[in-house]
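**Student:** Output the structure for:
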Amino acid sequence: MRGISRASLQEVTERLGTVLESADTAALGSELFDVVALLEREHTLRRWLADPANAAESKSGLIGELLESQASPSTVMVVGDVVQARWSRQRDLIDAVERAAVFATIARAESEQRLGELEDELFRFSRVVAGDTELRAALTDESVSEERKGGIVEALLAGKADPATTALVTQVVTHPRGRTLEDGLEYYGQLVAERAQRYVALVRTAVALSEDRQERLRATLARIYGRPIHLNIDVDPSIVGGLSIRVGDEVIDGTITGRLGEVRRRLAG
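**Tutor:** Got it, this is the predicted structure:
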């Protein structure tokens, strides 16, 4: 997000913190995800709520009428805050509600200082999906019902992952919002890391890294980026040797495959 939307996002996120202190956060997260689905479906409603020409009080009043009998006061309050803010694009408004839903869903894990576990679980699930074409097909097939997809996720993660992880994976699978499954899982992982006030580094390596080497890499990246780093490590023999590290949009490619590719590009030029 940029400009007006970025400022609005910061404001609504700060106010969300106050709501999370007293709310049933798991229920709040679920209800906010329902609002995201509602706004995705109802184009006219979304346009009206995002139109800066409409009064903020009218927007929050309409949300109150729509959600009063279907959602908790906490949900009405959070969504009311979002729709009263100014957004550069309609999508930014929905993104803000989705972001609040993720933060509410992970609030308990955050209070128990278990966000690192959630990050690991989301990443491990993405690796499982990447290595199982049949599973990926079942979770991304548009002809498969949301209930069936949710059931698959529940069967895979029940008792093996934090309930917040299961809820986030289910949301990605049943309401991808135009993202690929991999991109959705990565985005939610980034939001978890943001809540933990750190960056995520995706490290591709030909061989597994020892704990000592992981710690040294984590410390080096933390010095570079000025923030704690969470490592997601993908062992990929196809890169031959070296490391490829991605932090946000920045890529540090020290792999043999990457260097060979650069040589080929220069020769072709």
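
**Student:** Quick one: residues contacting the residue nearest the centre of the chain.
**Tutor:** In the chain, the C-alpha nearest the mean C-alpha coordinate belongs to residue 188, at 1.5 Å (Cα atoms, centre = their mean). Residue 188 makes contacts with 102, 122, 168, 171, 172, as judged by Cβ atoms under 8 Å, 6 or more residues apart in numbering. C-beta coordinates here come from the backbone N, C-alpha and C atoms, glycine included.

**Student:** try 10 Å this time
**Tutor:** Taking Cβ atoms under 10 Å, 6 or more residues apart in numbering as the contact definition, residue 188 lies against 98-99, 102, 105-106, 118-119, 122, 126, 165, 168-169, 171-172, 179.

**Student:** Could you measure from it over to residue 11?
**Tutor:** Remark: distance between residue 188 and residue 11 (Cβ to Cβ, to the nearest Å) = 22 Å.

**Student:** And residue 71, by the same measure?
**Tutor:** Remark: distance between residue 71 and residue 11 (Cβ to Cβ) = 22 Å.

**Student:** Please say which of the two ends up with more neighbours.
**Tutor:** For residue 71 versus residue 11, the count of surrounding residues by other Cβ atoms under 10 Å is larger for residue 71: 22 against 16.

**Student:** re earlier: surely the residue nearest to the centre of the chain forms part of a helix?
**Tutor:** Yes: counting by DSSP: H, G, I helix; E, B strand; the rest coil, residue 188 is part of a helix.

**Student:** can you give me phi and psi for the spatially closest residue to residue 254 that is not a sequence neighbour?
**Tutor:** Spatial nearest neighbour of residue 254, chain neighbours left out: residue 242 (4.4 Å); criterion: Cβ to Cβ, 6 or more residues apart in numbering. Comment: the main-chain dihedrals of residue 242 come out as phi 80, psi -170, following degrees, to the nearest 10.

**Student:** In contact with residue 242, which residues?
**Tutor:** By Cβ under 10 Å, 6+ apart, the residues touching residue 242 are 204, 205, 206, 253, 254, 255, 256, 257, 258, 259.

**Student:** List only buried entries from those residues.
**Tutor:** Buried members of these, scored by 16 or more other Cβ atoms under 10 Å, are 204, 205, 206, 253, 255, 257, 258.

**Student:** got these as a markdown table, with secondary structure columns?
**Tutor:** Rendered in a markdown table, the data for these read as follows (three-state DSSP):
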| residue | secondary structure |
| --- | --- |
| 204 | strand |
| 205 | strand |
| 206 | coil |
| 253 | strand |
| 255 | coil |
| 257 | helix |
| 258 | helix |
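
**Student:** Neighbours of residue 236, how many?
**Tutor:** Other residues lying near residue 236 total 14 when counted by other Cβ under 10 Å.

**Student:** Which pLDDT value goes with the nearest residue to it once chain neighbours are set aside?
**Tutor:** If you skip the residues right next to it in sequence, residue 236 has residue 204 as its closest partner in space, 5.1 Å away by Cβ to Cβ, 6+ apart. The predicted local distance difference test score for residue 204 is 87.

**Student:** Same check on residue 244?
**Tutor:** The predicted structure lists residue 244 with a pLDDT of 86.

**Student:** Just read off the phi/psi values of residue 202.
**Tutor:** phi -90, psi 120.

**Student:** Residue 121 against residue 169, yeah?
**Tutor:** Yes: A contact is recorded between residue 121 and residue 169 when judged using Cβ atoms under 10 Å, the distance being 8.4 Å.

**Student:** Need the overlap of contacts for these two.
**Tutor:** Counting by Cβ under 10 Å, 6+ apart, the shared contacts of residue 121 and residue 169 are 157, 161.
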